[in-house]
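Q: the sequence and its predicted three-dimensional model are supplied below.
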Amino acid sequence: MPTMIRYLDHLVPRPQTARGGRVRSTTPAEDRYIVLSAKRNRRTTAQQVANQFLAASGKQISRKTVARRLRGGGLYARRPVVCVPLTRQHRTARLQWCREHHNWTEQDWACVLFSDESTFSLSSDCRRQLIWRKSGGAYRPENIQEKDRYPTCSIMVWTSIMINGRTRLHVVANGTMTGQRYIDEVLLPYVRLFRGAVGDIFVFMDDNATCHRTLAVQDCLDSEGIQRLVWPARSPDLNPIENMWDAFGRQVAGRNYPPTNKNTLIRALTEEWKKLPQQLLDNVVQSMVRRVECCITLHGGHIPY
């Protein structure tokens, strides 16, 4: 009988006793205060949040505790996105422009030729290329990319894209781009001929760079019957060609044999431009509908593109 009692005793659940472990140094209400402090000032450090918590509650917590509470609230330390400064006037102008083009469809944007310039150098890929490495091996030789602080060889290129088409990549020779050079090297040999091939339903887009907005440039466009798309200031995020530059830069940086001098850099840019899929260009142009809607939602603020 005692044996049977001991056997049944194993089947009966025993009452749970309190388990051991470290006691939490903050309450749920204090956790919410920590997260709220970081949200109020996104640039404050974990140590500064800990100091604010000490001044408010009289309780001292560590920087690591703050970091754990912030991760529990969905906040992580990341580099901020770099964007151009926007004043109230810029935001108002961007919002007004987007409202004026809110009814444009993908077919309307398909008639726009988006253009832009970008600079490439031998040693700068703008951190476009990523590597696979183990934790703690950042400074192993195979994981290091050597880069001059001031590159000695840089090349400016111009190009334009639209749905189902693109112009050739034009290398801007030594010197700065002026209004007259813009006419002689870009508008007449590229934009005018492209407009003739596309037809009358054609709109040309360029940004508000000084060389693009001279009277000579406007007279050239008027004489050729080229309609220019008015573009709001400080709006590179609205221009889909910026996403193309990023993909193009990754492609150039990922070559098996990186360029070593000016001539090989020009050759690499030209070759990779021809390899860039047209579907990628079409996708970024088709995103204009979403860009405009997003800018309106954010009241003219920076959009996540």
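A: That came through, no problem.
Q: quick one: low-confidence ranges for the stretch 1-150 of the chain?
A: In the predicted model of the stretch 1-150 of the chain, residues 1-21, 123-133, 139, 142-150 satisfy pLDDT under 70.
Q: just the strands from the stretch 151-300 of the chain, written as ranges.
A: Listed in chain order, the strands found in the stretch 151-300 of the chain under DSSP state E, counting those that start in this stretch are 154-162, 165-166, 170-172, 203-205, 227-228.
Q: mean neighbour count added to those, as JSON lines?
A: Glycine gets a C-beta too; all of them are placed from N, C-alpha and C. Shown next, in JSON lines, are the strands of the stretch 151-300 of the chain (neighbours: other Cβ atoms under 10 Å):
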{"stretch": "strand 154-162", "mean neighbour count": "20"}
{"stretch": "strand 165-166", "mean neighbour count": "17"}
{"stretch": "strand 170-172", "mean neighbour count": "16"}
{"stretch": "strand 203-205", "mean neighbour count": "19"}
{"stretch": "strand 227-228", "mean neighbour count": "15"}
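Q: as a markdown table, these with distance to Thr27 and mean pLDDT would be great.
A: As requested, those are exported to a markdown table (distance: least, Cβ to Cβ, whole Å; pLDDT from 0 to 100):
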| stretch | distance to Thr27 | mean pLDDT |
| --- | --- | --- |
| strand 154-162 | 56 | 93 |
| strand 165-166 | 60 | 94 |
| strand 170-172 | 62 | 93 |
| strand 203-205 | 56 | 96 |
| strand 227-228 | 61 | 94 |
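Q: export those strands as a markdown table, with columns for distance to His102.
A: Listed next are the strands of the stretch 151-300 of the chain as a markdown table, based on distance: least, Cβ to Cβ, whole Å:
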| stretch | distance to His102 |
| --- | --- |
| strand 154-162 | 20 |
| strand 165-166 | 25 |
| strand 170-172 | 33 |
| strand 203-205 | 16 |
| strand 227-228 | 19 |
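Q: among these, which is nearest Cys111?
A: Proximity to Cys111 (Cβ to Cβ) singles out strand 203-205 among the strands of the stretch 151-300 of the chain, at 5.6 Å.
Q: about what we covered before: of the strands of the stretch 151-300 of the chain, which is nearest Gly74?
A: The closest of the strands of the stretch 151-300 of the chain to Gly74 is strand 154-162. By Cβ to Cβ, the value is 37.3 Å.
Q: ok, and what's touching that closest one?
A: 110-122, 124, 166-172, 177, 185-186, 190-191, 194, 198, 240-241, 244, 262, 265-266, 269, 273, 281, 284-285 (Cβ atoms under 8 Å, 6 or more residues apart in numbering).
Q: from those, list the buried ones, please.
A: Buried residues within these, counting neighbours by 16 or more other Cβ atoms under 10 Å: 110-118, 120-122, 124, 166-167, 169-172, 177, 185-186, 190-191, 194, 240-241, 244, 265-266, 269, 273, 281, 284-285.
Q: ok, Leu70 to Thr26 distance?
A: 12 Å (Cβ to Cβ, to the nearest Å).
Q: need the overlap of contacts for the two.
A: Common neighbours of Leu70 and Thr26 are listed as Ile34 (criterion: Cβ under 8 Å, 6+ apart).
Q: report pLDDT for the nearest residue to Cys220 once chain neighbours are set aside.
A: Ranked by Cβ to Cβ, 6 or more residues apart in numbering and with sequence neighbours excluded, the top spatial neighbour of Cys220 is Ile183, at 5.0 Å. Here, the pLDDT recorded for Ile183 equals 96.
Q: from the buried ones among the contacts of strand 154-162, which land in helices?
A: Using DSSP state H, the members of the buried ones among the contacts of strand 154-162 that fall within helices are 194, 241, 244, 265-266, 269, 273, 281, 284-285.
Q: could you dump those into a markdown table with distance to Val252 and pLDDT added?
A: Shown next, in a markdown table, are these (distance: Cβ to Cβ, whole Å; pLDDT from 0 to 100):
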| residue | distance to Val252 | pLDDT |
| --- | --- | --- |
| Phe194 | 24 | 90 |
| Ile241 | 16 | 95 |
| Met244 | 12 | 95 |
| Leu265 | 9 | 92 |
| Ile266 | 11 | 93 |
| Leu269 | 6 | 95 |
| Trp273 | 9 | 96 |
| Leu281 | 16 | 96 |
| Val284 | 17 | 95 |
| Val285 | 21 | 96 |
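Q: pick out the most distant pair among the residues you listed.
A: Among those, Leu265 and Val285 lie farthest apart (Cβ to Cβ), at 27.1 Å.
Q: contacting residues for Phe204?
A: 112-113, 115, 191, 195, 221, 226-229.
Q: distance of it from Arg195?
A: As defined by Cβ to Cβ, Phe204 lies at a distance of 7 Å from Arg195.
Q: same question for Val157.
A: With Cβ to Cβ as the criterion, Val157 and Arg195 are 21 Å apart.
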